[in-house]
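Chemist: The following block contains a protein sequence and its predicted model.
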Amino acid sequence: MKELSLTGELTKGFFAQNPLFVAVLGNCPALAVTTAVNNGLAMGVAVIFVMVCSNIIISLIRNIVPKEVRIPCYIVVIAAFVTIVELVMKAYMPPEINESLGIFIPLIVVNCIIMYRAEVFASQNSLLRSAVDGLGMGIGFTIALVILSSIREVMGAGTIFGIRVAESYQPASVMIMAPGAFLVLGLLLAYFNWRKLQRGEKV
Amino acid sequence: MTGELNTLFAIIMSVVFVNNFVVARFLGLCPFLGVSQKTESALGMGMAVTFVMTLASAVTWFLYNYVLLPGESNLLGLMLPGVKETGTVDVLKTISYILVIATLVQFVETVMKKTSPALYESLGIYLPLITTNCAVLGVALLGTTNAPQHLNLLEASVQGFGAGIGFLIAMLLMSGIRERLALLNVPQSFRGVPIAFVCTALMALAFMGFSGMVSW
């Protein structure tokens, strides 16, 4: 595999290898928390923090941990950082955001994106590259969450960041409920596939 | 007695239909999309998940009530007096749950291999995948909170079992749809995951019809 420059490592997660839209990982939190842009952003920031920190630690311990028990070790590292995020969010975030993120904060532990980057990247690369990779992938996930939640909030509640966009628009509240989440993500994935096909790439 | 049975019935109805883990709570989507190509594998995965969810709910219930919660019954409090007042819910919940689930899955796999090779043949390959299935951790977390009320051991286990059955039903429905989809001429950009999501949206819409059936 050819080595990317550091900026390449950072930006590859934004669009080209976006964890949600291209790799289709981390669906559960992505669908559950994107009822409003604020929630999507909060979740994104939490994932960035956990991802950068766990990538750093896993990259540091990659030569010490025996291959057979690496997965449990990674899970414990990730769970420790998730606990930190949980406590910090409980202390400083507005209660309504905490309410709507609910059990999806502790569930960051089993978010496939974090495990995936730990396994395929941080366990084989140096500290700096792993940290940059975690940051890039985290930002990519946040971008995806913001796109998804803006569409859902505008269509489902007629607001964005809680501010009304158009007085005359009658919100279709199904968009902020479960079916809307699946529908918007399905259509977005189809759009990204269509763009790839237009450029003559394989899906 | 009837009151108790009514509660259990309400819990099952709630987690199977009204708050189905996959289509209403967005839990366990990775195996839902990944293993639903064929009805046979969907059935195997669904049964393995039901089994582990029931066990995990029961085990984490003990952990929550006897290790994590503050109070006289805290076993850690016997050794560390400070724990009796504070409990360890805030710091240890996530870590201990995921460790318990990972150990439990490993244990079930070993026992199953030894005692019933036939069952292991059909469910075995799905077991390792379950550790990182967020539905299992999710049901453990939901079974051990104070909202809407503190569940007892039986209620928590029944909730775990019901959630597994709900997952199984969603998997089976989805695999049936996908087996039919494989024969259709779907637009190229929709093939695979996008059309699966659109179908799930329609399923979720149908499941919304159950809302308000039980208030749990």
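Modeler: Here it is on my side, so go on.
Chemist: what's the helix or strand where residue A:31 lies packed up against?
Modeler: Element membership for residue A:31 (DSSP states H and E) is helix A:27-32. Here helix A:27-32 touches helix A:127-157, helix A:178-198, helix B:29-34, going by 3 or more Cβ pairs under 8 Å, 6 or more residues apart in numbering or on different chains; DSSP states H and E. C-beta coordinates here come from the backbone N, C-alpha and C atoms, glycine included.
Chemist: Can you convert the ones you listed into CSV and add a column each for mean neighbour count, mean pLDDT and distance to residue B:63?
Modeler: Output for the helices and strands packed on helix A:27-32, formatted as CSV (neighbours: other Cβ atoms under 10 Å in any protein chain shown; pLDDT from 0 to 100; distance: least, Cβ to Cβ, whole Å):
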stretch, mean neighbour count, mean pLDDT, distance to residue B:63
helix A:127-157, 22, 93, 30
helix A:178-198, 19, 92, 30
helix B:29-34, 22, 85, 24
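Chemist: so which of these comes closest to residue B:4?
Modeler: Smallest distance to residue B:4 across the helices and strands packed on helix A:27-32 (Cβ to Cβ): 30.6 Å, for helix A:178-198.
Chemist: okay, and for chain A, where does confidence drop off?
Modeler: Scanning chain A with the threshold set as pLDDT under 70 gives A:1-3, A:203.
Chemist: ok, now which ones touch the residue nearest the centre of it?
Modeler: Central residue of chain A (Cα atoms, centre = their mean): residue A:141, 3.3 Å from the mean position. Neighbouring residues of residue A:141 by Cβ atoms under 8 Å, 6 or more residues apart in numbering or on different chains: A:13, A:18-20, A:26, A:30, A:44, A:47-48, A:113.
Chemist: ok, residue 95 - how many residues close by?
Modeler: You didn't say which chain, so I picked chain A. Neighbourhood size, residue A:95 [other Cβ atoms under 10 Å in any protein chain shown]: 8.
Chemist: look at chain B instead
Modeler: Under the criterion other Cβ under 10 Å, the count of neighbours that residue B:95 has is 19.
Chemist: got the contact list for it?
Modeler: Contacts for residue B:95 (Cβ under 8 Å, 6+ apart) come out as A:76, A:79-80, A:83.
Chemist: try residue B:8
Modeler: B:154-155, B:158.
Chemist: neighbouring contacts of stretch B:74-93?
Modeler: For stretch B:74-93, contacts defined as Cβ under 8 Å, 6+ apart pick out A:83, A:86-87, A:106, B:64, B:66-72, B:141.
Chemist: Could you do stretch A:194-203 as well?
Modeler: A:193, B:188-189, B:191-192.
Chemist: Mind putting the residues you listed into TSV with secondary structure and distance to residue B:179?
Modeler: Output for the contacts of stretch A:194-203, formatted as TSV (DSSP: H, G, I helix; E, B strand; the rest coil; distance: Cβ to Cβ, whole Å):
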residue	secondary structure	distance to residue B:179
A:193	helix	22
B:188	helix	20
B:189	helix	21
B:191	coil	15
B:192	coil	14
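Chemist: Could you pick out the buried ones from these?
Modeler: Those of the contacts of stretch A:194-203 that meet the buried threshold are A:193, B:189, B:191-192, by 16 or more other Cβ atoms under 10 Å in any protein chain shown.
Chemist: before we move on, back to that, which of the contacts of stretch B:74-93 fall in helices?
Modeler: A:83, A:86-87, B:141 (DSSP state H).
Chemist: Distance to residue B:184 and neighbour count added to those residues, as JSON lines?
Modeler: Output for the ones in helices among the contacts of stretch B:74-93, formatted as JSON lines (distance: Cβ to Cβ, whole Å; neighbours: other Cβ atoms under 10 Å in any protein chain shown):
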{"residue": "A:83", "distance to residue B:184": "46", "neighbour count": "20"}
{"residue": "A:86", "distance to residue B:184": "44", "neighbour count": "20"}
{"residue": "A:87", "distance to residue B:184": "49", "neighbour count": "12"}
{"residue": "B:141", "distance to residue B:184": "39", "neighbour count": "20"}
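Chemist: What is the most widely separated pair among those residues?
Modeler: Using Cβ to Cβ, the two most remote members of those are A:87 and B:141, lying 15.7 Å apart.
Chemist: Compute the distance between the residue of chain A found nearest chain B and residue A:98, please.
Modeler: Per Cβ to the nearest Cβ, residue A:186 is where chain A lies closest to chain B, at 2.9 Å. Applying Cβ to Cβ, to the nearest Å, the value for residue A:186 to residue A:98 is 29 Å.
Chemist: For the residue lying closest to residue A:169 once chain neighbours are set aside, which residues are in contact?
Modeler: Distances taken as Cβ to Cβ, 6 or more residues apart in numbering or on different chains put residue A:158 closest to residue A:169, at 4.9 Å, once the chain neighbours are dropped. By Cβ under 8 Å, 6+ apart, residue A:158 lies in contact with A:164-166, A:169-171.
Chemist: ok, of those, which come out buried?
Modeler: residue A:171.
Chemist: From the contacts of residue A:158, pick the one nearest residue B:49.
Modeler: Among the contacts of residue A:158, and counting by Cβ to Cβ, the member closest to residue B:49 is residue A:171, at 35.6 Å.
Chemist: okay, now residue 172: neighbour count?
Modeler: Defaulting to chain A. 13.
Chemist: nope, chain B
Modeler: Neighbour tally, residue B:172, other Cβ under 10 Å: 15.
Chemist: Surely it and residue B:43 touch.
Modeler: Yes - the pair residue B:172 / residue B:43 is scored as a contact, 6.6 Å apart, by Cβ atoms under 8 Å.
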